[in-house]
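**Student:** generate coordinates for the sequence data below:
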Amino acid sequence: MTNLNIPEGCRILAKSNSFEYENEKIKIYSQKLSDKEYDLYLKQAFCFLLPYEKGYNYRTSAVLFQAVKMNKPILLLNNNTLSHYSEIFPNTVISFSSIEECIKLMSTISEYRVNEKNDYSRYESYSIANSISLLF
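**Tutor:** Numbers count the residues shown, from 1 in each chain. Next comes the predicted model:
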């Protein structure tokens, strides 16, 4: 992990089911965060990387919606049903299909700015059932 070229002033925070690790640039945690820690990390984040696995279908992501609400860029792997959120929130959600594409996006993410606010009026009536029906 020490070979990663993480820009100055940046820190990676990741969730693991099996181990923990921490240094000045990376924190991997396995325990549930307190509400206070969770809110702090959300507010401090510049962007969010959501590489959900292929089997993550017909579900939603609280982190995705919180990041959208905070108007922060989201890099989302487009291998499951969450990928349609890049069409619903095109000003915030950037989808990628390969690790190479993700790395390229990450190298330019500091230049990316969410210029327009998302229209939440259509989200107010949005539900997981509606989300699933949009896919078919």
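**Student:** what about the strands in this protein?
**Tutor:** With DSSP state E as the criterion, the chain has strands at 12-15, 21-22, 26-29, 48-50, 74-77, 93-96.
**Student:** out of these, which is closest to residue 40?
**Tutor:** Closest to residue 40 of the strands of the chain, according to CB to CB: strand 12-15, at 10.4 Å. (C-beta placed from N, C-alpha, C; glycine too.)
**Student:** direction included, what does the closest one pair up with?
**Tutor:** strand 26-29 (parallel) (DSSP bridges).
**Student:** and the contacts of the strand it pairs with?
**Tutor:** 1, 4, 6, 11-16, 19-22 (CB atoms under 8 Å, 6 or more residues apart in numbering).
**Student:** distance to residue 38 and mean pLDDT for the strands of the chain - can I get that in JSON lines?
**Tutor:** Below are the strands of the chain laid out as JSON lines (distance: least, CB to CB, whole Å; pLDDT from 0 to 100):
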{"stretch": "strand 12-15", "distance to residue 38": "10", "mean pLDDT": "84"}
{"stretch": "strand 21-22", "distance to residue 38": "17", "mean pLDDT": "92"}
{"stretch": "strand 26-29", "distance to residue 38": "11", "mean pLDDT": "88"}
{"stretch": "strand 48-50", "distance to residue 38": "13", "mean pLDDT": "87"}
{"stretch": "strand 74-77", "distance to residue 38": "17", "mean pLDDT": "89"}
{"stretch": "strand 93-96", "distance to residue 38": "20", "mean pLDDT": "90"}
